[in-house]
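**Student:** Let's see this in three dimensions:
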Amino acid sequence: MRAGHPRAARPDLFRGEGAEDERNDAGCRSQAAAAQTDEAGLTKAKAEKFLTVLAETCNIARSCEAAGVSQSTIRRKRKSDASFRAGFMMALAGAYERFELVLLERFFNGTEKVVVRKDGSEERMRELFEHAWSVAAQDAP
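**Tutor:** Now for the predicted structure:
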């Protein structure tokens, strides 16, 4: 770095005092620092956060938001990294499995519905899927 360059005079101003950023004398990131971020721009921690939220929600947009990455970054990562792609598919498969279990439970056991009457009293009832299906069939032309 040339002598008159601002980084040469006060490198702490550009990296933050006590920063753990590993840079060489030319101001370039070292190989160790570069290894923490892959070619898609995704750190290991962000990838793990994305996959965790995806497994919980089955929602790619919400998972990207939670991990602080864009959907295009995830698309690039899926195309370039086979292990990430496998983790992505496993997270989706687990989320879909839980989703199916919830649907089956609601189909067989119904859902609880609270009906509030005009006088303010409440009645709890179980709304069964078969009932909802038959009502929809009656309303159909």
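**Student:** And the helices in the protein?
**Tutor:** 6-9, 11-15, 31-35, 44-57, 60-67, 71-80, 82-109, 129-139 (DSSP state H).
**Student:** Let's have those in a markdown table, adding mean pLDDT.
**Tutor:** Formatted as a markdown table, these follow (pLDDT from 0 to 100):
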| stretch | mean pLDDT |
| --- | --- |
| helix 6-9 | 47 |
| helix 11-15 | 40 |
| helix 31-35 | 45 |
| helix 44-57 | 95 |
| helix 60-67 | 96 |
| helix 71-80 | 94 |
| helix 82-109 | 92 |
| helix 129-139 | 64 |
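**Student:** Compare those helices and give me the one nearest Asp119.
**Tutor:** Nearest of the helices of the chain to Asp119, taken as Cβ to Cβ: helix 129-139 at 24.9 Å. For the C-beta atoms, the positions are set from N, CA and C on the backbone; glycine is no exception.
**Student:** Next, count neighbours for the closest residue in space to Phe99 that isn't next to it in sequence.
**Tutor:** Counting by Cβ to Cβ, 6 or more residues apart in numbering, Phe99 lies nearest to Cys58, which is 6.1 Å off, once chain neighbours are set aside. Neighbour count of Cys58, defined by other Cβ atoms under 10 Å: 18.
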